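> Sequence plus predicted model, see below.
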Protein chains: 2
Amino acid sequence: MLGLMQEWPLLCHKILDNAARQHGNREIVSRSIEGPIVRTTYTELRRRSLQVAQRLEREGFKLGDRIATLGWNTARHLEAWYGTMGIGAVYHTLNPRLFPDQIAWIMNHAEDRALFVDLTFMPIVEKIAPLVPSLKKIVVLTDAAHMPATALPNVAAYEEWLAEADGDFSWKSFDENTAAGMCYTSGTTGEPKGVLYSHRSNVLHAMIACMPDAMGISSRDVILPVVPMFHANAWGLGQSAPMIGAKMVMPGGKMDGASIYELLDSEKVTFSAAVPTVWLMLLQHLEETGKKLPHLRKVVIGGSACPRVITQKFQDNYDVEVIHAWGMTEMSPLGTLGTMKPEFEGLAGEGRLKLQEKQGFAPFGVEMKVTDDANAERPWDGKTFGRLKVRGPAIARAYYGGAGKEQFDEDGWFDTGDVAHIDEHGYMQITDRAKDVIKSGGEWISTIDLENIAVGHPDVAEAAAIGVAHARWDERPLLVVVRKPGKEVDKEELLSFMTGKVAKWWMPDDIAFVDEIPHTATGKIQKTVLRERFKGYRLPTE
Amino acid sequence: MLGLMQEWPLLCHKILDNAARQHGNREIVSRSIEGPIVRTTYTELRRRSLQVAQRLEREGFKLGDRIATLGWNTARHLEAWYGTMGIGAVYHTLNPRLFPDQIAWIMNHAEDRALFVDLTFMPIVEKIAPLVPSLKKIVVLTDAAHMPATALPNVAAYEEWLAEADGDFSWKSFDENTAAGMCYTSGTTGEPKGVLYSHRSNVLHAMIACMPDAMGISSRDVILPVVPMFHANAWGLGQSAPMIGAKMVMPGGKMDGASIYELLDSEKVTFSAAVPTVWLMLLQHLEETGKKLPHLRKVVIGGSACPRVITQKFQDNYDVEVIHAWGMTEMSPLGTLGTMKPEFEGLAGEGRLKLQEKQGFAPFGVEMKVTDDANAERPWDGKTFGRLKVRGPAIARAYYGGAGKEQFDEDGWFDTGDVAHIDEHGYMQITDRAKDVIKSGGEWISTIDLENIAVGHPDVAEAAAIGVAHARWDERPLLVVVRKPGKEVDKEELLSFMTGKVAKWWMPDDIAFVDEIPHTATGKIQKTVLRERFKGYRLPTE
């Protein structure tokens, strides 16, 4: 027997309808690409999104078409998203930090039919547009006065293009499982893989994000998403902030400490989200200028593990609550958030900081488990680590085009490729990437832990731990180390420094000093290259 | 094109799975019907709910069966809900405050196949069980030691019945639109009408309820649902509290001031929800004893309009935030909540109390509008009132069996039967019931407003305003008044008292003094009876 409740599909444009109806005058403030700070409201944003939808439809774009965006966080970028989704087309965020040929590869894979682009990125577009035959239209997110010269065909200035539509338009109707957005992961190996969000997953993800144990945001917040919309949907803030009608502050292309501080201060921002690097820049700016953060209440920090010093400084020096979070593009992206369960509510100082080094716990809507190589669940004891697998309504069940099938279990779990442990309270901590973890005698050794300890030595500039074949133990750790210039630390000293800081059987069997460790374009250590280089390396323990 | 996100149906048992996994040791404390305070945890509650499911299945109950409950708020009642939902059967809460023949009528209409009942209500069950032929099983929510003598067949003691199952059972799988729960509305006129909730609507409603602009509850809260589970699902707290893993405190059958205070104090309750009457009793108890509420942070007040004095006392004397809320059984039930939008965040004193007399604004997931008789939308100006219509994923699209079709518009809106205005900030205030509102010359007059003003006169005990036929204006207001004993207020004095407090054209054309005003069993004024009695009444203005 079915219930007798209304059919009310979870569609993204309902978020905007609600924002305009209930929070119509609330502002969206953007640092525009042209320079000045500009202001709009949810009423205005909705009207213009309807114009985008109307204009796209008039040009023949329709349900299922992929419409790319290559832009910073601005109200115009949000309008492009909602206008695209409003006709059932799919916004596809492109990461401008990739090489142009990678971007072209991704656009061709997605068969993007149109592109909204910020002025900043026109030089990139000049290079890639000729390589993407599916691309029929380019809309530059500016006005005619600021349009750059271009020889590309079918290029329009956003404001004039928009003005050709009157906004007298209704959102299209479609199933809530219709694709709404798309984002490619930039793996360290292999081709990028496309994640295809649905209206349903976007709406549910936004609801999960707002909950008090997750981001805990309300209409009374002023939200500054520093994390770009092209970085896993700005962690959902493009949907969750309008869902609750919060004022938004969009930083445009300026993410340096002084620029972010200026917005935090002038717009009285209460909530923000960004990767650790951004916060390091902000903290440095604050320390140099002696400025404070009287309005800021809470920051979410994710994208990579948050160094303890950031958490400590925010909390001790600026009375800002830090939420360490973990997620993935494949998860829309929120996975876990390090808010305080009641048993830790009063925790302060060292104990709190230690807990905050973990990535937090999963809210309703995210299931997780850690498994061994045979897919058997491992205990939640805060030390036994395994492959982290997740399940939920805003988590991918496949990649676009069918790549990466091995990451999706038959029983519906997505294998994150991370290795983690979960403690008895449900707090998870990432300890490694599954492909990097060293398997020694059936047990796993975390390379990240070894590296973190090694770089704690004052003479070590960088360290990478890799597994090297071993007759008896299958694999044993080799630590590859770059010394700081002019420093002379040797194997004996470094091993002695590490002794007692990890389990005895985790200790590296050898240390190889090198001049340089190879990195990817985005700064990650290329362990595949290292493993290749040290293939056949004979450990002294053999 | 569809998205590629996981199929993860919104099923109620996932709420309990998450609670047990992430908040397994959190307590559910109940004042048991047998007397003592008893404690369990989410892990235990889930295990026992699985036993209920297993036991029900073993007795042949299955997907779609209606399983009634006649019980107070206790952990056992929650187990009965989740066990029932876990096999795809439908929990059906019965209101013990109805007359036994009404309960029997409802059970027969729903064709309830089993019944979970508290000891308190066994005398009622003795009367109704023989009248309900579909009823195959009665489980008394107690243990063998406390079982009352009964001649009814197929009666079991819950604990012993449960112990026959080992809990080694998996929740059944089904579509998220499967019916999960049922509740009949107790209208002032006509037969009761059944509302049939789905798993999807229950889960979405719980998510909406937790949001910071709605109830704003987290795992750090200790939640006391005074509002009974048979009163519109305890306003969703049976789902929303486990969803976030909050400690729950269940008051059993004792709702007097001293009993509620005892739980608030001993269990350090931070959040509670109840109708105004309960809070009046608590406030009286506090005033008599001089006790304070150091732990309580927030109360939600609904079910009927919250008198200003309650809000004022909670906020001024006890530093407890009041959220005035409105909803309906047909809405799961949350409709609007009177939390503060940022423009009112600093509001205090008179201005704040005035805003809090309104029932608040609708969160994402509840759409509302006010319309005239031709279904045209009326403006949101805080004074133009109209029929209040609502739309959303947790709002009924029909009644069970098809009654009340006229309340469901063709365009998907549910007509609440309330008359309300909505201000420019989205805050809604109920001004009347649609069937009571007086239509004078095409304009509407709120009878509730007239009555509230009339009872402000010191000699007036009770007042009811009704429309009486009028040749020129269609209807004009007649005020029916009961004087306080020994008091002598007359028409002239009362009209003079009311002058200036309402628009001139709202003033009653006449006042009829009577000895008594008729009421329903639940204390509501029977305006239908009054209208019948004063049919043909000749107003002096004719």
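Great, that's in hand.
> Okay, and the beta partners of the closest residue to chain B within the stretch 101-250 of chain A?
Residue of the stretch 101-250 of chain A nearest chain B, by CB to the nearest CB: A:Ser198 (2.7 Å). Glycine gets a C-beta too; all of them are placed from N, C-alpha and C. Going by DSSP bridges, A:Ser198 is paired in beta bridges with A:Ala179.
> ok, it touching B:Leu2?
Yes: between A:Ser198 and B:Leu2 a contact is recorded at 6.7 Å, counting by CB atoms under 8 Å.
> of those two, who's got more company?
A:Ser198 (27 against 15; other CB atoms under 10 Å in any protein chain shown).
> What does the pLDDT read for the residue of the stretch 101-250 of chain A closest to chain B?
A:Ser198 carries a pLDDT value of 98.
> Ok, the one 5 residues further on next?
As predicted, A:Val203 sits at a pLDDT of 98.
> you'd agree it is in a strand?
No: counting by DSSP: H, G, I helix; E, B strand; the rest coil, A:Val203 is not part of a strand but helix.
> For the stretch 101-250 of chain A, which segments count as strands?
Assigned by DSSP state E, counting those that start in this stretch, the stretch 101-250 of chain A shows strands spanning A:114-117, A:137-140, A:155-157, A:179-185, A:193-198, A:222-225, A:247-250.
> one step back: list residues touching both of A:Ser198 and B:Leu2?
A:177-179 (CB atoms under 8 Å, 6 or more residues apart in numbering or on different chains).
> ok, and the most crowded of those?
Once you tally neighbours by other CB under 10 Å, A:Ala179 ends up highest among the shared contacts of A:Ser198 and B:Leu2, having 27 neighbours.
> List the contacts of that one.
Going by CB under 8 Å, 6+ apart, A:Ala179 touches A:64, A:90, A:196-198, B:1-4.
> OK, contacts around the residue nearest to A:Gly181 when sequence neighbours are not counted?
Nearest residue to A:Gly181, sequence neighbours excluded (CB to CB, 6 or more residues apart in numbering or on different chains): A:Tyr197, at 4.2 Å. Under the criterion of CB under 8 Å, 6+ apart, the contact list for A:Tyr197 reads A:179-183, A:205, A:233, A:332, A:394, B:3, B:5.
> in a strand, that's where A:Ile466 is, yeah?
Yes: assessed with three-state DSSP, A:Ile466 lies in a strand.
> Check it and give its pLDDT.
Taking A:Ile466 on its own, its pLDDT is 95.
> same deal with the one 5 residues further on?
The per-residue pLDDT reported for A:Ala471 equals 89.
> Go ahead and confirm it touches A:Thr541.
No: look at A:Ala471 against A:Thr541 with CB under 8 Å: they stay out of range, at 9.6 Å.
> Give me the residues contacting the helix or strand of chain A with the lowest mean pLDDT.
Taking mean pLDDT, DSSP states H and E as the measure, chain A has strand A:443-445 as its least confident helix or strand, at a mean of 87. The contact list for strand A:443-445 (CB under 8 Å, 6+ apart) reads A:385-386, A:419, A:432, A:437-439, A:465, A:467, A:477, A:505-506.
> which among the residues you listed are in contact with chain B?
When CB under 8 Å from any CB of the partner chain is applied, no member of those is adjacent to chain B.
> Please pick the buried ones from those.
Neighbour counting by 16 or more other CB atoms under 10 Å in any protein chain shown classes A:385-386, A:419, A:432, A:437-438, A:465, A:467, A:477, A:506 among these as buried.
> max-length helix in chain A?
The longest helix of chain A (DSSP state H) is helix A:42-58.
> Now do the following helix or strand past that one: distance to the chain's middle.
Proceeding N to C from helix A:42-58, the next assigned helix or strand is strand A:66-70, under DSSP states H and E. When distances are taken as CA atoms, centre = their mean, to the nearest Å, strand A:66-70 is centred 18 Å away from the chain's centroid.
> Stretch A:113-130 too?
Counting by CA atoms, centre = their mean, stretch A:113-130 comes out at 23 Å from the chain centroid.
> average pLDDT across that stretch?
Mean predicted lDDT for stretch A:113-130 stands at 97.
> buried stuff in that stretch?
Here stretch A:113-130 shows A:113-119, A:121-122, A:124-125, A:128-129 as buried, counting by 16+ other CB under 10 Å.
> Tabulate those in CSV, adding columns for distance to A:Tyr427.
As requested, those are exported to CSV (distance: CB to CB, whole Å):
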residue, distance to A:Tyr427
A:Arg113, 44
A:Ala114, 43
A:Leu115, 41
A:Phe116, 39
A:Val117, 41
A:Asp118, 39
A:Leu119, 43
A:Phe121, 39
A:Met122, 45
A:Ile124, 41
A:Val125, 44
A:Ile128, 43
A:Ala129, 47
